[in-house]
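In: only the shape, not the letters, is given here:
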């Protein structure tokens, strides 16, 4: 289940944006939080892609992002264009590093 927080709010302390995470994804250890906007969902793979929240706000579409972040999640899948904060750890997948999300929090947009 996704729970809400204030839309348009600046990042909470300790919450990364997708661009910050992507710049050094291998440098993070332990639990972390990343906020972004869902661009594509792959339910059969329990995965989705997120783009940078600020980039989405600037262009208003999910197709303009220069950076995408893969996220794996065994729970309910979010919808494209849904703004979320994903909490999890960096995991290795067949295609590289991803955020293995244990929890998603809807940002209310």
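Out: The structure has been received and is ready for your questions. Bear in mind that the values here come from a model prediction, so they are computed numbers and not experimental data.
In: can you point out the buried residues in stretch 79-87?
Out: Neighbour counts over stretch 79-87 (16 or more other CB atoms under 10 Å) mark 82, 83, 84, 85, 86, 87 as buried. (Glycine included, C-beta is placed from N, CA and C.)
In: err, stretch 58-72, not the other one
Out: 62, 65, 68, 69, 70, 71, 72.
In: shouldn't residue 90 be in contact with residue 100?
Out: Yes. With contact defined as CB atoms under 8 Å, residue 90 and residue 100 form a contacting pair (7.3 Å).
In: how many neighbours does residue 16 have?
Out: Counted with other CB atoms under 10 Å, the neighbours of residue 16 add up to 22.
In: quick check: chain neighbours aside, which residue is closest to it?
Out: The shortest distance from residue 16 to any non-neighbouring residue, by CB to CB, 6 or more residues apart in numbering, is to residue 34 (4.8 Å).
In: one more: residue 68?
Out: In space, and not counting its chain neighbours, residue 68 is closest to residue 49: 4.6 Å by CB to CB, 6+ apart.
In: so what strands line up beside the one helix or strand that neighbour maps to?
Out: Element membership for residue 49 (DSSP states H and E) is strand 47-52. According to DSSP bridges, strand 47-52 forms sheet pairs with strand 32-42 (antiparallel), strand 68-73 (antiparallel).
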